[in-house]
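J.: Need a 3D model of the sequence below.
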Amino acid sequence: MTVHDAYIRFEYPDQRRARLVERSIRPELDDLADERSSAAVSRDGATLSVRIGAEDLVALRAATNTWLTLLEVAERAADAGDRVDS
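T.: A predicted model of the protein is given here:
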C-alpha cells in the first residue's frame, strides 16, 4: 500500500530529448520496484513525469534519490551524444 507519493516533472527543449531520457530510464522500473516503493514514468510531448510511491518516508527519500540520479545520468548521456553528433 502506497502511503506517500512524490511527483517529479521535467520539461525538455523538445520531444526527442524527452523521449531519449524516457527510453533510458524506463527499463529500470521493474528492476527498482520492491515491497516498499514503486515508480511510474510517463511522457507528454516534451514533458517527462515520474511518480514515486512508497510505504514510508525513508523509502520515499531513497527511491526519489535513485530516480533523480538515473535521470541525471540519462541527461548526461544524451548531452554527450549531442556533442558527438555535432
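J.: Would you mind listing the residues in contact with Leu48?
T.: Contacts for Leu48 (Cβ atoms under 8 Å, 6 or more residues apart in numbering) come out as Arg9, Phe10, Tyr12, Ala18, Val21, Glu22, Val41, Ser42, Leu71. (Each C-beta comes from the backbone N, C-alpha and C, glycine too.)
J.: May I see the residues you listed organised as a markdown table, with distance to Ser49 added?
T.: Converted to a markdown table, the contacts of Leu48 look like this (distance: Cβ to Cβ, whole Å):
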| residue | distance to Ser49 |
| --- | --- |
| Arg9 | 5 |
| Phe10 | 8 |
| Tyr12 | 12 |
| Ala18 | 10 |
| Val21 | 11 |
| Glu22 | 10 |
| Val41 | 7 |
| Ser42 | 5 |
| Leu71 | 11 |
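J.: Can you list which of those residues are found in strands?
T.: Mapping the contacts of Leu48 onto strands (DSSP state E) picks out Arg9, Phe10, Val41, Ser42.
J.: Quick check on the closest residue to Thr2 other than its chain neighbours: phi, psi?
T.: Excluding the flanking residues, the one nearest Thr2 by Cβ to Cβ, 6 or more residues apart in numbering is Gly53, at 3.5 Å. Main-chain torsions, Gly53, degrees, to the nearest 10: phi -120, psi 140.
J.: and Gly53, how many residues sit next to it?
T.: Per other Cβ atoms under 10 Å, the neighbour tally for Gly53 reads 20.
J.: related to what we said a few turns ago, scan the ones in strands among the contacts of Leu48 and report the most crowded one.
T.: Using other Cβ under 10 Å as the neighbour test, the ones in strands among the contacts of Leu48 are led by Val41, with 18 neighbours.
J.: Please report the distance of it from Asp56.
T.: Look at Val41 and Asp56: by Cβ to Cβ, to the nearest Å, they are 22 Å apart.
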